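Undergrad: take a look and give me a structure for this.
(2 chains)
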Amino acid sequence: MVTRLKKSWSKPTRARLSNLPASLLIGGGLVGFLVCVALLSFVWTPYDPITIDVRNRYLPIWSDGHILGTDKFGRDVLTQLIMGARNSLFVSVVSTLVSLVIGTLLGLYVAAAGARLQNIISRGVDVGVAIPGILVAMVLATAIGPGNAAAITAIIIWFIPVSARVVIGPTMQVLSQDYIEAAFGYGRTKWFVLFNHVLPNISSIIIVQASVMFAAAILIEASLSFLGVGAQPPTASWGRTLKEAQPLMEIAPSLMVVPGLAIVIAVLGFNLLGDGLRTYYDPQQARKR
Amino acid sequence: MVFALLRLLGGDVAYILLGKEATQDQVIALRIELGLDRIWFVQYFDWIGGFFSANLGTSFSGSYEIFDQIGQRLVPTLLLAFGSLFVSMVLALFLGTYAALNADNTKGIATDIVSQIGTAIPAFWAGLILVVVFSVSLGWFPAGGYVPIQENFLGSLRSIFLPIVALSLGITSVTTRFVRSAMLDVLNEDYIRTAMARGQTRNRAVFVHGLRNAAIPVVTVGALQLGNLLAGTIVIESVFVIPGLGQLLLSAVNGREVIVVQSVVLVILLIILVMNFLLDIAYGLLDPRILDKRNGA
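TA: Next up, the predicted model:
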């Protein structure tokens, strides 16, 4: 007689909110908040981001009408912050997505290719990973001029080998499974197998990696615009706001604290989200960390 | 590669230097003067040859000898990079061990949270905050600038103290997290149990036997962090106005000094290579088995 499986066996209980890792909830919350703020900037900002108001320069935090005060041009700091979130997310989303797609394709291809090509490309990837993104950005800025384009291209160039490297190992692991051999035996082409059998199995790794790369991209974007190589005026950017605040640290220290905190919150959010996702997908492994 | 990238996208340096109003004749004349009219591979070998024979010529604007400039600016950058690498590796080893030993109680969790936040703080912001607190308010350290070591040893230390702290913060945090997970693995090893069975305390067992083993992944992570470290150095130099390679690079980028940019980038890549090599040696010292394996024994 066939006994019926218990219901909890055949159908995994859906994860309840309270069962999710805390880092996933906090990170997700921070990231969600950030995305909302950036989207909000398209329809509404407290003040116009570029209008200069000389009478209201250097207002402190909690001033009337300017919760976070104003900068040396009398621009509202909160508005600058919101516009900065938009720029920061724009740069990191574009660069992360483009490099993830290219890097994943490259990684899949390399993992499925012969040992010789693997060796050559892996060496190249190792070299690529070692070159700091900021250096690439500097070289690009010399060539095509500073701006978001240079920043985005540099981050993409830097991230492609990073994401390829993350994909190669797990792909090779999946490719050694029996069901892959079965799929090939069935007459499936290489790319069909890679997309339909390998990709779903490594998708969790890619999602976690995306989150970590978002965090890194936000940090680089801030560094680049701080150096004056990233977004150019009048585009608001957290890094440049910090740069402009540096000479004013004795008159208006709050100008320097606020954008820095924004960067920390954004990076922390994506890092926590990545950590949380990792725990969520692989609780066994994560407990050790 | 750097050379190729710059040449492919480079635009016309002579044109940029002379500005938009330059006549065609002026542009061509300047191009010949700077040697930009030659075929690319002649330019390339001229540059690489010059790089290794200590003669890179003067910058396009003609204000300084490139090779001498790089030489002068190498020392502060190296001090910053190696200082931070050393400080953060040692600190991370102890913080991570501490976090692993206290993994189940509040002390460990507090260390975790601090290191998580530390990873998110950009080095340049940490630098700015440090300047506000320790230079502007307390006046303990200079807000910027660099005192050469040969002039005043203590003054030199004072001038690079804050930059090293700012730079180490992020790298220490990242590495601490790796040490912690490595140490948690080590704590489950048989040799720790054996040492404790012989009557050693847990702490003693960890410090005598565990630390060395946990240090191996630290070296791996350290090698991966080198790029970040040098990138951070460039930014930190800008915060503290330290006349290092980063500042030279930045001014060269703004002035479109192609040869200076590619030379400085090459030097920075060489520094990363050398550090990688040193960490490789550290591997061998920490775990002699790795050397044996490599030698095919």
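Undergrad: any low-confidence regions in the stretch 151-297 of chain B?
TA: For the stretch 151-297 of chain B, applying pLDDT under 70 flags the ranges B:290-297.
Undergrad: show me what from it comes close to chain A.
TA: B:177, B:180-181, B:184-185, B:224, B:226-228, B:230-231, B:234-235, B:238-239, B:249-250, B:252-254, B:256-258, B:261-262, B:265, B:268-269, B:272, B:276 (C-beta under 8 Å from any C-beta of the partner chain). Where you see a C-beta, it was placed from the backbone N, CA and C, and this is true even at glycine.
Undergrad: for residue 208, list the residues it contacts.
TA: As the question left the chain open, I've gone with chain A. Listed by C-beta atoms under 8 Å, 6 or more residues apart in numbering or on different chains, the contact set of residue A:208 reads A:274, A:277-278, A:281.
Undergrad: should've been chain B
TA: Contacts for residue B:208 (C-beta under 8 Å, 6+ apart) come out as B:195, B:200.
Undergrad: go again with 10 Å.
TA: Counting by C-beta atoms under 10 Å, 6 or more residues apart in numbering or on different chains, residue B:208 touches B:192, B:195, B:200.
Undergrad: then residue B:112?
TA: A:289, B:99, B:102-103, B:176-177, B:180.
Undergrad: same question, residue B:155
TA: By C-beta under 10 Å, 6+ apart, the contact list for residue B:155 reads B:142, B:145-149.
Undergrad: which PyMOL command selects the buried ones in these?
TA: Selecting the buried subset of these in PyMOL, with 16 or more other C-beta atoms under 10 Å in any protein chain shown as the burial test, is done by:
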select buried, chain B and resi 142+146+147
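Undergrad: ok, the residue nearest to the spatial centre of chain B to residue B:253 distance?
TA: For chain B, the residue sitting closest to the mean C-alpha position, by C-alpha atoms, centre = their mean, is residue B:230 at 2.6 Å. The gap separating residue B:230 from residue B:253 is 16 Å, by C-beta to C-beta, to the nearest Å.
Undergrad: go on, residue A:48?
TA: Distance, residue A:48 to residue B:253, by C-beta to C-beta: 32 Å.
Undergrad: cool, residue B:110 as well?
TA: Look at residue B:110 and residue B:253: by C-beta to C-beta, they are 42 Å apart.
Undergrad: so the two - more neighbours on which side?
TA: A side-by-side neighbour count of residue B:110 and residue B:253, using other C-beta atoms under 10 Å in any protein chain shown, places residue B:253 first with 26 against 12.
Undergrad: check which helix or strand covers that one.
TA: Using DSSP states H and E, residue B:253 sits within helix B:245-254.
Undergrad: moving C-terminal of that helix, what's the next helix or strand?
TA: Downstream of helix B:245-254, the next assigned helix or strand under DSSP H and E is helix B:258-286.
Undergrad: relative to helix B:245-254, how tilted is that next one?
TA: Inter-element angle recorded for helix B:258-286 and helix B:245-254: 150 degrees (by axes from the mean of the first three to the mean of the last three C-alpha atoms, to 10 degrees).
Undergrad: now helix B:258-286, how far from the chain's geometric center?
TA: 9 Å (C-alpha atoms, centre = their mean, to the nearest Å).
Undergrad: hmm, back to that, would you mind checking the contacts of residue B:112 for buried ones?
TA: B:99, B:102-103, B:176-177, B:180.
Undergrad: closest to residue A:162 among the residues you listed?
TA: Nearest to residue A:162 out of the buried ones among the contacts of residue B:112 is residue B:177 (C-beta to C-beta; 18.1 Å).
Undergrad: check contacts around the closest one.
TA: So residue B:177 contacts A:275, A:289, B:92, B:95-96, B:99, B:111-112, B:115-116, B:118-119, B:221 (C-beta under 10 Å, 6+ apart).
Undergrad: buried subset of these?
TA: Listed as buried from those are A:275, B:92, B:95-96, B:99, B:111-112, B:115-116, B:118-119, B:221; burial here means 16+ other C-beta under 10 Å.
Undergrad: for the spatially most central residue of chain A, which non-adjacent residue is closest in space?
TA: Geometric centre of chain A, nearest residue: residue A:214, 0.7 Å, by C-alpha atoms, centre = their mean. Using C-beta to C-beta, 6 or more residues apart in numbering or on different chains and skipping residues adjacent in sequence, the residue nearest residue A:214 is residue A:270, 4.4 Å away.
Undergrad: in the strand or helix carrying the one you found, what counts as buried?
TA: Element membership for residue A:270 (DSSP H and E) is helix A:254-281. The neighbour-count check on helix A:254-281 (16+ other C-beta under 10 Å) flags A:254-260, A:262-280 as buried.
Undergrad: residues in contact with residue A:192?
TA: A:183-184, A:186.
Undergrad: circling back to that earlier point, test my guess that the residue nearest to residue A:214 contacts residue A:29.
TA: No: contact status for residue A:270 versus residue A:29: not in contact, 12.0 Å apart, counting by C-beta atoms under 10 Å.
Undergrad: mind showing which ranges of chain A have poor pLDDT?
TA: For chain A (pLDDT under 70), the answer is A:1-18, A:49-69, A:71-74, A:283-289.
Undergrad: all the helices of it, in order from the start?
TA: Using DSSP state H, the helices of chain A run over residues A:7-10, A:22-43, A:77-112, A:115-130, A:133-144, A:148-175, A:178-185, A:190-193, A:199-227, A:238-245, A:254-281, A:283-288.
Undergrad: can you list those helices in CSV and add distance to residue B:211?
TA: As requested, these are exported to CSV (distance: least, C-beta to C-beta, whole Å):
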stretch, distance to residue B:211
helix A:7-10, 45
helix A:22-43, 28
helix A:77-112, 35
helix A:115-130, 27
helix A:133-144, 33
helix A:148-175, 29
helix A:178-185, 42
helix A:190-193, 46
helix A:199-227, 28
helix A:238-245, 38
helix A:254-281, 26
helix A:283-288, 19
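Undergrad: ok, which stretches of the stretch 151-297 of chain B are helices?
TA: Under the criterion DSSP state H, counting those that start in this stretch, the stretch 151-297 of chain B contains helices at B:153-187, B:190-197, B:202-205, B:211-240, B:245-254, B:258-286, B:288-294.
Undergrad: follow-up on the earlier one: out of the contacts of residue B:112, who's nearest residue A:246?
TA: Closest to residue A:246, out of all of the contacts of residue B:112 and judged by C-beta to C-beta, is residue B:176, at 28.6 Å.
Undergrad: what sits against the closest one?
TA: Counting by C-beta under 10 Å, 6+ apart, residue B:176 makes contact with B:88, B:91-100, B:111-112, B:114-116, B:118-119, B:218, B:221.
Undergrad: what about 7 Å?
TA: Going by C-beta atoms under 7 Å, 6 or more residues apart in numbering or on different chains, residue B:176 touches B:92, B:95-96, B:99, B:115.
Undergrad: cool, residue B:196 as well?
TA: B:202, B:205 are the contacts of residue B:196 under C-beta under 7 Å, 6+ apart.
Undergrad: confidence score at residue B:7?
TA: On pLDDT, residue B:7 comes in at 49.
Undergrad: how about the one 5 residues further on?
TA: Per-residue confidence at residue B:12 stands at 48 (pLDDT).
Undergrad: hang on, residue B:77 packs against residue B:242?
TA: No: applying C-beta atoms under 7 Å, one finds residue B:77 not in contact with residue B:242, separated by 8.1 Å.
Undergrad: ok, these two, which is more surrounded?
TA: A count of neighbours by other C-beta under 10 Å puts residue B:77 above the other of residue B:77 and residue B:242, at 27 against 23.
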